[in-house]
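Peer 1: I'd like to go over a predicted model; first the sequence, then the structure.
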Amino acid sequence: MIRTQRLAAGVCALLATLAAGLAFPAAAAAGEPTSGASPKVDLVLDVSGSMRTRDIDGGTRMAAAKQAFNEVLDATPEDVQLGIRTLGANYPGNDRQTGCKDTAQLYPVSTLDRTEAKTAVATLSPTGWTPIGPALLKAADDLTGGDGSKRIVLITDGEDTCAPLDPCEVAREIAAKGIGMTIDTLGLVPNTKLNKQLSCIAEATGGTYTSVEHTDELTDKVNQLVDRAADPVVTPVATEGAAQCIGAPTLKSGLYTDREEFGQQRWYKVDVNPGQELRTSVSVAADRAVNPSYGVLLRAVTLNGREIVRGEAAGSGRTDAISTGLRYPKPESDEDDATAETVCLQVTNSFSAASGVKTTPGMPVELTVDVVDSPSKASDVASFGLGRGWWLLGLLVLVGFLAGLIWGWLSRWRVAVWRTN
Amino acid sequence: MRITRVLGATALMLGLAVAPATADSSPSASAASSSSDAGSAPTTAGTSFRTAVEIEQGQDATASASTGDYLYWSFAADAGRRPTVKATVKLPSTHAAQSWQIDVYDGLRRRQACQYGAQTRTAEQGVSSVELACVLRTVRAWSEPWGNDPLPGTYYVRLTALSLATADLGQPVHASVRVDSKDIGGAAAVDGSLAKPLVPGIAVSSKSGAQDGDSSKAAVLSSIEPDGGWDSGWWSDRWVWTGVGAVLAALAGIGGYTLTRGSGRPSRVPPGA
């Protein structure tokens, strides 16, 4: 009887362990969307007529690009999904309308088949126009879907020939649409105008711009960019702050992204329990040409409008972002039914731009929120109220010496009194 | 007799008083700048706070980049230390005048002031390299939320060209960064401590770590930790100073007492009384 009960208990325990073992990985997988998602990279190559120019290491620009691509395809990490898109590869004519639509997917964004991709690259020959804007839009479409980081690498030797669609604004719109979409640009033997346009595209999305004059530079840089895409990065969660605290979204610990126009306010809410500390930081990225003085203000405000603490930052000169942060430890409460306090977070910026600059979509805002346990506050300036230094020792010695003297005199006096009695 | 006793007591006091001075340097000097394993030093840099490359103190991190890039690294700094960030940028052979700058931000992305060091420098036309430095304030274990004091946690270094000609955009440059820190010791020991260091995303990463026990593969904002972990925060050489002070006070008390007692028996008392 007892034995069967034990057996049953043992079986139950075994089953419970197994169930727990099965259940835990599933829960963990649900909590981490970033670890499973594979990064996507789309290489956008300019195959316009000007790529025939022989000025990179004695060969044509096209030859340099092909050689670089072959080496990059060999070095691409396994988990990266890579695609190749061309611009100006197919239409040799003079019609602007048609020429500016000339962009094609050479190799779809997928797990890489090196031979197939290399064969496709080998077929390319310099042909047509340079429709950078339309190509970027299509490349963004190529990358849609999936949670991993997305990167467009644009390689070109001439500025966009398809005005009025400004590729810089296209890039900004792409960044506003997709989360974690970065455009890196590489200019082959660039002039000042191309420098300006390509760095504008890169800065609009938080990417980098590199000018290339040698084949090995091109290979190294594209490899570096593909590797960068393969690095696991926390993907922020999109949120939309409200114009006032009422109706603002409630945020939990995590990384968030939003958009904020010049002079706009964004409000968010965070619940903080007694004995917890709210830590939050905000970065507003300057993704367009802004005036050289700017600032950002982050305020933690109670529901009644009282400011608890603020973080502020100002700067001048060339920048990618301006950021600040604050922390608010909420003291422990003695009451049993103490509830969480709702803290309103207000984000404002003082960016400004010249009159020609578009104000929409707003500038990217990155917000980190951490709610951690907080200890009680410090009781003294010095560690545990302890002293330090020669003045302390001198004082202690003096006081000790005087105390000894007085004690000695007192006892002598007492002995004398006792003796006379 | 009395003189020798007083002299002896004084010598003893002096000997004890020297002890705290020697104890100054001893506690927790392990994490200083001993970890210079150049083999594993990072050779890339991040391009934003989110993608900052983590470096260890004492490592020479390098990165090849382009003029105009914003390069980010992050390192861990613990309480009682004063970090110094040094950066060298090797510029291309031809370029116009351009100025470079390093900025240091704390775990809350607040800009931290440099006490001294050339934070911004202008490279005149044709100069081949720029050297920048930033000596931060001493990292404190605790400060009021309204203060901007450096606190233990992640620190970000941003290296960038502050002003440059359009023609210089995208030129290849080579940057190297090194962070060292000086142990300030008990002089900077303040009361209080943070429950958790100012590491961004720590609320998320500690939660997921507790769930599956292995969060090595998952992306986190910052997974940085100094050698030997974060300082537990109770030890400082103030304990030695205060303890020695107490002993000295006791000895001085005994000394004072003996001075009043004379050399034993009172002279007035006849022998054998």
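Peer 2: Great, that's in hand.
Peer 1: the domain parsing of the chain - what is it?
Peer 2: This is for chain A. Annotated domains of chain A cover A:33-230, A:237-373 [automatic domain parsing].
Peer 1: was after chain B, sorry
Peer 2: Chain B breaks down into these structural domains: B:2-22+B:239-261, B:33-233 (assignment by automatic domain parsing).
Peer 1: so for the longest one, what's the average pLDDT?
Peer 2: Looking back up the chat, that one is domain B:33-233. Summarised as a single mean, pLDDT over domain B:33-233 is 87.
Peer 1: swap in the shortest one?
Peer 2: Per-residue confidence for domain B:2-22+B:239-261 averages out to 70 on the pLDDT scale.
Peer 1: OK, contacts around the residue nearest to A:Ser350 when sequence neighbours are not counted?
Peer 2: Counting by CB to CB, 6 or more residues apart in numbering or on different chains, A:Gly295 is the residue found nearest to A:Ser350 once chain neighbours are left out, at 4.2 Å. Yep, even glycine has a C-beta here, placed from its N, CA and C like the rest. The neighbourhood of A:Gly295, defined by CB atoms under 8 Å, 6 or more residues apart in numbering or on different chains, consists of A:312-315, A:322, A:349-351.
Peer 1: What of A:Arg85?
Peer 2: For A:Arg85, the contacting residues are A:42-45, A:103-106, A:135, A:138-139, A:142, by CB under 8 Å, 6+ apart.
Peer 1: one more time with 10 Å, if that's ok
Peer 2: Residues in contact with A:Arg85 (CB atoms under 10 Å, 6 or more residues apart in numbering or on different chains) are A:42-45, A:103-109, A:135-136, A:138-139, A:141-142, A:152, A:154.
Peer 1: so what strands line up beside the helix or strand containing it?
Peer 2: Using DSSP states H and E, A:Arg85 maps to strand A:81-87. Strand A:81-87 has the following sheet partners, assigned by DSSP bridges: strand A:40-46 (parallel), strand A:103-111 (antiparallel).
Peer 1: Dump those into JSON lines; add mean pLDDT and distance to A:Gly158 as well.
Peer 2: Below are those laid out as JSON lines (pLDDT from 0 to 100; distance: least, CB to CB, whole Å):
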{"stretch": "strand A:40-46", "mean pLDDT": "92", "distance to A:Gly158": "7"}
{"stretch": "strand A:103-111", "mean pLDDT": "89", "distance to A:Gly158": "15"}
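Peer 1: among those strands, which is the most enclosed?
Peer 2: The highest average neighbour count among those, using mean count of other CB atoms under 10 Å in any protein chain shown, belongs to strand A:40-46 at a mean of 27.
Peer 1: moving C-terminal of it, what's the next helix or strand?
Peer 2: Of the helices and strands lying after strand A:40-46 in sequence (DSSP H and E), the nearest is strand A:54-56.
Peer 1: Off-centre distance for that next one?
Peer 2: Between the mean C-alpha point of strand A:54-56 and the mean C-alpha point of its chain there is a distance of 37 Å (CA atoms, centre = their mean, to the nearest Å).
Peer 1: Quick one: list the elements packing against the helix or strand following that strand.
Peer 2: The element immediately downstream of strand A:54-56 (helix or strand, assigned by DSSP H and E) is strand A:59-60. With contacts defined as 3 or more CB pairs under 10 Å, 6 or more residues apart in numbering or on different chains; DSSP states H and E, strand A:59-60 has these neighbours: helix A:61-75.
Peer 1: Can I get the helix it packs on in PDB, CA atoms only?
Peer 2: Taking only C-alpha atoms (Å, rounded to 0.1, in the frame of the first residue of the first chain), the coordinates of helix A:61-75 have been written out as PDB:
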ATOM      1  CA  ARG A  61      34.000  50.700 -61.300                       C
ATOM      2  CA  MET A  62      31.800  47.800 -62.400                       C
ATOM      3  CA  ALA A  63      34.700  45.300 -62.200                       C
ATOM      4  CA  ALA A  64      35.600  46.600 -58.800                       C
ATOM      5  CA  ALA A  65      32.000  46.200 -57.600                       C
ATOM      6  CA  LYS A  66      31.800  42.600 -59.000                       C
ATOM      7  CA  GLN A  67      35.000  41.600 -57.400                       C
ATOM      8  CA  ALA A  68      33.900  43.100 -54.100                       C
ATOM      9  CA  PHE A  69      30.500  41.300 -54.300                       C
ATOM     10  CA  ASN A  70      32.100  37.900 -55.000                       C
ATOM     11  CA  GLU A  71      34.300  38.300 -51.800                       C
ATOM     12  CA  VAL A  72      31.400  39.600 -49.800                       C
ATOM     13  CA  LEU A  73      29.100  36.700 -50.900                       C
ATOM     14  CA  ASP A  74      31.800  34.300 -49.700                       C
ATOM     15  CA  ALA A  75      32.100  35.900 -46.300                       C
END
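Peer 1: tilt between that helix and strand A:40-46?
Peer 2: Using axes from the mean of the first three to the mean of the last three CA atoms, to 10 degrees, the interaxial angle of helix A:61-75 with respect to strand A:40-46 works out to 170 degrees.
Peer 1: quick one: helix A:61-75 near chain B?
Peer 2: No. When contact is scored as CB under 10 Å from any CB of the partner chain, no part of helix A:61-75 falls within range of chain B; the minimum is 14.6 Å.
Peer 1: Next, the buried residues of that helix.
Peer 2: Residues of helix A:61-75 classed as buried: A:61-73 (neighbour count, 16 or more other CB atoms under 10 Å in any protein chain shown).
Peer 1: returning to that earlier point: who does the helix or strand containing the residue nearest to A:Ser350 pair up with?
Peer 2: In this assignment (DSSP H and E), A:Gly295 forms part of strand A:293-301. Each strand paired with strand A:293-301, and its direction, by DSSP bridges: strand A:307-316 (antiparallel), strand A:341-349 (antiparallel).
Peer 1: Quickly compare these and say which is most buried.
Peer 2: For these, average neighbour numbers computed from mean count of other CB under 10 Å are highest in strand A:341-349, which has a mean of 21.
Peer 1: Do me a favour and average the pLDDT over that one.
Peer 2: The predicted model gives strand A:341-349 an average pLDDT of 95.
Peer 1: hey, C-alpha coordinates of the helix or strand hosting B:Leu259 in CSV?
Peer 2: Counting by DSSP H and E, the element that carries B:Leu259 is helix B:238-261. What follows is helix B:238-261, C-alpha atoms only, in CSV (Å, rounded to 0.1, in the frame of the first residue of the first chain):
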residue,chain,number,x,y,z
ARG,B,238,37.2,54.7,6.0
TRP,B,239,36.8,51.6,8.2
VAL,B,240,40.6,51.5,8.7
TRP,B,241,40.9,55.2,9.4
THR,B,242,38.1,55.2,11.9
GLY,B,243,39.2,52.0,13.6
VAL,B,244,42.8,53.2,13.9
GLY,B,245,41.5,56.5,15.2
ALA,B,246,39.6,54.7,18.0
VAL,B,247,42.7,52.7,19.0
LEU,B,248,44.8,55.8,19.0
ALA,B,249,42.2,57.6,21.2
ALA,B,250,42.2,54.7,23.6
LEU,B,251,46.0,54.7,23.7
ALA,B,252,46.1,58.5,24.2
GLY,B,253,43.6,58.1,27.0
ILE,B,254,45.9,55.6,28.7
GLY,B,255,48.8,57.9,28.1
GLY,B,256,47.0,60.8,29.6
TYR,B,257,46.0,58.7,32.6
THR,B,258,49.5,57.5,33.3
LEU,B,259,50.8,61.1,33.2
THR,B,260,48.6,62.0,36.1
ARG,B,261,49.5,58.8,38.1
